[in-house]
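Enquirer: this one's sequence-less:
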């Protein structure tokens, strides 16, 4: 009777898809069930990622083999360390927990093809004296998030072709193709529009094909594997007519992802739009397509509410009829909170003005009124200023009374506009009269120094009493 009843390995899923990416942590357990007491030399777990390609080519009577291998990472953790003395495990079920951190960097997504594969897996191995090693494996699904120029994949792509007919037909054909964007996730729909000008004497049929192409590389040679995933045919376009064709093509949910960061294996997709013409070469337009994991594709929309404001508002409530600013996606998936809108935290925007949410200012409660809500929005978000109790010299009296009302008289005493209008002010002493010039000094309404044609006034003119005394 064997001593090992079962030996398994399992891991904890991080998301609903059960996938892992660069920098993720892999945790799980190794379960060892023993029917009797057993001596063990070591028990360890490995996590690794490898790419392999292999095919054979025959030339005459000779056969040539092409193969290549790439290792992206290998991690190892001992659950029962190696030692000179064996570890004795009692009868029963033993559970060991492990944890790995996937390295950062660009690594390709998992793939299995006819002539190659990219595999990431966990492997547990149990070593015993005078016994064969026992092992358990579990493959993990890895999706790469290293996608260059992710933002540019949101823009549409346009292609065109022009063909002059010959032999069995006359005239020419013009076709312009537009695809709504360049990247999609499995399960999304491509929208293709083709404007066709058939100025020839032949009838033709527009056709749409979604193709994925795998290229294997080893020993300076390449091997291609081409597969047509979907094919759609439109209605016939008669001679001397123009027509616009619209086609919607859904990508299968379990479709293979694009692989562009592996030097020995690549997976590429493209859309082929062509016109099927009898007895003529078919004009065609090829549009490259990138298949990304769910959540990373540019067309993926998130309905999360951002920060304390409603979705689509930045800095506070807005009554604007314009749509909110477009969210810029980076080379990483969107974060929660306000990180999806850079710069939100840098504004000192006021909180939303709700009926039960009175504004808070630096002055006494009830002295200052709240600013109207139309002053703040997603497109006009000034930094709020603390209101001054005396208003602002650059605002008119009417606007100042709305935004900065004067404080009550018992709390503040504004400066007088004229001495006679404020009887409550103290009367100045009679020995020092204010605002009165010398009685003997004449009033001068002009600058006499600027009068270059006349001489300066004489001393007797300015001080006649002192001149008579002399």
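Expert: Happy to help now that I have it. Just so it is clear, the model here is predicted, and its values are computed rather than measured.

Enquirer: Skipping adjacent residues, who's closest to residue 250 in space?
Expert: Leaving aside its sequence neighbours, residue 250 sits nearest to residue 189 (Cβ to Cβ, 6 or more residues apart in numbering; 4.7 Å). Every residue, glycine included, has its C-beta placed from N, CA and C.

Enquirer: for that neighbour, what are its contacts?
Expert: 248-251 (Cβ atoms under 8 Å, 6 or more residues apart in numbering).

Enquirer: Can you give me the distance of it to residue 117?
Expert: As for residue 189, its distance to residue 117 is 29 Å (criterion: Cβ to Cβ, to the nearest Å).

Enquirer: same check, this time on residue 93
Expert: Residue 93 sits at a distance of 34 Å from residue 117 (criterion: Cβ to Cβ).

Enquirer: Those two: which is more packed in?
Expert: A count of neighbours by other Cβ atoms under 10 Å puts residue 117 above the other of residue 93 and residue 117, at 15 against 10.

Enquirer: Tell me what that one is bridged to.
Expert: Here residue 117 shows beta-bridge partners residue 52, residue 112, assigned using DSSP bridges.

Enquirer: hang on, it packs against residue 68?
Expert: No. Between residue 117 and residue 68 there is no contact, the gap being 11.9 Å when judged by Cβ atoms under 8 Å.

Enquirer: what's the overlap in contacts for these two?
Expert: Shared contacts of residue 117 and residue 68, counting by Cβ under 8 Å, 6+ apart, come down to residue 52.

Enquirer: which residue packs closest to residue 115, ignoring adjacent ones?
Expert: Nearest-residue entry for residue 115: residue 55, 4.3 Å, with adjacent residues in sequence omitted and distances by Cβ to Cβ, 6+ apart.

Enquirer: Now name the helix or strand holding the one you found.
Expert: Per DSSP states H and E: residue 55 is located in strand 42-59.

Enquirer: Neighbours of residue 263, how many?
Expert: Residues lying near residue 263 (other Cβ under 10 Å) number 10.

Enquirer: ugh, typo on my part, it should be residue 277
Expert: Neighbours around residue 277, by other Cβ under 10 Å: 20.

Enquirer: and if you look at residue 110?
Expert: Residue 110: 21 neighbours (other Cβ under 10 Å).

Enquirer: so what's it scoring on pLDDT?
Expert: Here the pLDDT value assigned to residue 110 is 96.

Enquirer: Equivalent analysis for residue 390, please.
Expert: Looking at residue 390, its pLDDT stands at 43.

Enquirer: Ok, the one 4 residues further on next?
Expert: Predicted confidence (pLDDT) for residue 394: 39.

Enquirer: rewinding a little: closest to residue 60 among the contacts of residue 189?
Expert: Taking Cβ to Cβ as the measure, residue 60 sits nearest to residue 251 out of those, at 42.8 Å.

Enquirer: Relative to residue 145, how far out is the closest one?
Expert: 19 Å.

Enquirer: same thing with residue 244?
Expert: Distance from residue 244 to residue 145, by Cβ to Cβ: 37 Å.

Enquirer: can you check residue 52 too?
Expert: 23 Å.

Enquirer: Need the pLDDT of the residue nearest to residue 250.
Expert: Here the pLDDT value assigned to residue 189 is 93.

Enquirer: in the stretch 1-150 of the chain, which spans are strands?
Expert: For the stretch 1-150 of the chain, the strands defined by DSSP state E, counting those that start in this stretch cover 4-11, 19-20, 25-34, 38-40, 42-59, 62-80, 87-89, 92-101, 111-112, 116-127, 134-142.

Enquirer: Now the third one: average pLDDT?
Expert: It refers to strand 25-34. Computed over strand 25-34, the average pLDDT equals 96.

Enquirer: elements contacting that strand?
Expert: Judged by 3 or more Cβ pairs under 8 Å, 6 or more residues apart in numbering; DSSP states H and E, strand 25-34 is in contact with strand 4-11, strand 42-59, strand 92-101, strand 116-127, strand 134-142.

Enquirer: what do you get for the second one?
Expert: The elements that strand 19-20 packs onto, with contact taken as 3+ Cβ pairs under 8 Å, 6+ apart, are strand 134-142.

Enquirer: Could I get the average pLDDT for the helix or strand following the strand it packs on?
Expert: For strand 134-142, the succeeding helix or strand toward the C-terminus, using DSSP H and E, is strand 157-164. The predicted model gives strand 157-164 an average pLDDT of 91.

Enquirer: ok, the residue nearest to residue 115 - how many residues close by?
Expert: The number of residues packed near residue 55 is 16, by other Cβ under 10 Å.

Enquirer: can you pull the contacts of it?
Expert: Neighbouring residues of residue 55 by Cβ under 8 Å, 6+ apart: 65-67, 115, 216, 218, 223.

Enquirer: Tell me the one of those nearest residue 4?
Expert: Among the contacts of residue 55, residue 67 lies closest to residue 4 (Cβ to Cβ), at 34.7 Å.

Enquirer: Quick check: that closest one vs residue 53, distance?
Expert: Using Cβ to Cβ, we find residue 67 at a distance of 7 Å from residue 53.

Enquirer: Those two: who's more crowded?
Expert: When residue 67 and residue 53 are compared for neighbours, residue 53 comes out ahead with 24 against 15, by other Cβ under 10 Å.

Enquirer: Leaving out sequence neighbours, find the closest residue to that one.
Expert: Counting by Cβ to Cβ, 6+ apart, the residue nearest residue 53 is residue 116, at 3.5 Å.

Enquirer: And for residue 205, nearest residue in space, chain neighbours not counted?
Expert: residue 276 (4.4 Å).

Enquirer: On the pLDDT front, check residue 248 for me.
Expert: 93.

Enquirer: Touching, it and residue 191? I think so.
Expert: Yes. Using Cβ under 8 Å, residue 248 is in contact with residue 191, at 5.6 Å.

Enquirer: where does the stretch 101-250 of the chain dip in pLDDT?
Expert: Scanning the stretch 101-250 of the chain for pLDDT under 70 picks out no residues.

Enquirer: Help me confirm that residue 193 comes into contact with residue 234.
Expert: No. Taking contacts as Cβ under 8 Å, residue 193 lies outside contact range of residue 234: 11.6 Å.

Enquirer: Tell me which of the helices and strands packed on strand 25-34 sits nearest to residue 256.
Expert: It's strand 116-127; of the helices and strands packed on strand 25-34, that one is closest to residue 256 (Cβ to Cβ) at 10.9 Å.

Enquirer: Identify each buried residue in the closest one, please.
Expert: Buried residues in strand 116-127, defined by neighbour count with 16 or more other Cβ atoms under 10 Å: 116, 118, 120-127.

Enquirer: what helices or strands is that strand leaning on?
Expert: Where contact means 3+ Cβ pairs under 8 Å, 6+ apart, strand 116-127 is packed against strand 4-11, strand 25-34, strand 42-59, strand 111-112, strand 134-142.
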